[in-house]
Each structure stands twice: as C-alpha cells, then as structure tokens.
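K.L.:
below are the sequence and a predicted model for it; my questions follow.
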Amino acid sequence: DAERRLVVPGLVDCHTHLPWAGSRETEFGQRLAGKTYQEIAAAGGGILSSVRATRAASEEELVANTLLRLGRLLAHGVTTAEVKSGYGLSLEAALKQLRAVRRAAEVHPVTVVPTLLAAHEFPPEHRQDRQRYVDLVAEEITPAVAEQGLARFCDVFCERGVFDPAQSRQVLAAGR
C-alpha cells in the first residue's frame, strides 16, 4: 500500500569506485585551491595514494568499505551500481578488490555490476615500462578475472598522461 507515498524507479549509478581503502580528503582542498590532478599526483596523491592504501588493506576491510558505500548509495535511491576496481593495479590486488565486490553484492540489496579497471593508472613499479603493465593487464590480469567470473565488464582510463588510445584498445580487446 503506497497510500500518501511516492513510488519512483530506482536510480542507476553507472560509474562508481567502491572497493578501496584510505582517504584523499586533503586533495579536495588542493583542487579548490586550483591545483590540477596532475600536480596532486606528482606530489604522491591521486590514484596512487589510494593504490597504496588498497594494496595494504585486507579483503575483509574492502568488503566492509564496499558495504558502507553501497548503503550510502541505497539511501540516496540508487538500486543498481556499476562498481569498478582500479585501486590495486596488480593481479593480486585486482582479484582482492573484485572478490570484495562479489562478497558485498551477495549480501546487499543494491544490484551490483562489477567492472575490472586494472588500467586506471600505471603503478609505481611499472612507471618506467608502461607497455609492460599494459601487457600485464591484457595477458594476465584480465584473463584471471574472467576465469574467476569476477567482472562483467572491462574499463580503461584513456586520458593524456595515462593510457593512450592504442594501449586502451589493447586492454579493451583483452576484455572482450
């Protein structure tokens, strides 16, 4: 009985990053002060800050963080969310993130669509040989995720200073 109430369709959030650890709150102030993302990243912030914390986090911590964030989405009317990995940037960390997403999705009412985003940034250990990391994503990480059925989609951050169009095509071809 919906008497005196409003029934609306649930919202779909088609781009979320939920299974990560750490905090980048200080970067918000830096952005407001005019710093670019590239300047923040060069100083050790940005995605790589989250990578360090996510790699150090346990799978249980990532499950808890994901559940908390899914709860916030639901409280705002989101009933379906695409959930990206992307803060591990290694085979082990990508699998850990996506297992955490799976575990959270099993017990939460929000419908979760998991997406592999191993090509979110170049990890510190591959900064000098970026193509080696692209090959790792295409030849090792993506097949392992597919074999375990941990993601429905594959994404890549195609942007100046990160993955160029050719690298992005290589990653997406592997995802297909």
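P.N.:
Nice, I can see it.
K.L.:
part of a helix, is G45?
P.N.:
No - judged by DSSP: H, G, I helix; E, B strand; the rest coil, G45 forms no part of a helix; its state is coil.
K.L.:
report pLDDT for the closest residue to it other than its chain neighbours.
P.N.:
The shortest distance from G45 to any non-neighbouring residue, by Cβ to Cβ, 6 or more residues apart in numbering, is to E27 (5.2 Å). For every residue, glycine as well, the C-beta is placed using N, CA and C. Reading off the confidence values, E27 has pLDDT 91.
K.L.:
tell me which element E27 is part of?
P.N.:
Remark: E27 resides in helix 25-32, with elements defined by DSSP states H and E.
K.L.:
give me the contact list for the following helix or strand past that helix.
P.N.:
Scanning forward in sequence from helix 25-32 by DSSP H and E, the next helix or strand is helix 37-42. Contacts to helix 37-42, defined as Cβ atoms under 8 Å, 6 or more residues apart in numbering, come from residues E27, Q30, R31, G46, I47, L48, G161.
K.L.:
and the third one, what does it touch?
P.N.:
Right, R31. R31 neighbours (Cβ under 8 Å, 6+ apart): Y37, I40.
K.L.:
give me the pLDDT value at it.
P.N.:
So R31 comes in at 92 (pLDDT).
K.L.:
now list the buried members of the contacts of helix 37-42.
P.N.:
E27, Q30, G46, I47, L48 (16 or more other Cβ atoms under 10 Å).
K.L.:
show me which of those is closest to P123.
P.N.:
L48 (7.6 Å; Cβ to Cβ).
K.L.:
helix or strand: which one has the closest one?
P.N.:
For L48, the enclosing helix or strand under DSSP H and E is helix 47-56.
K.L.:
give me the contacts around that helix.
P.N.:
Residues contacting helix 47-56 (Cβ under 8 Å, 6+ apart): 19-24, 27, 41, 62, 86-90, 93, 97, 120-121, 123-124.
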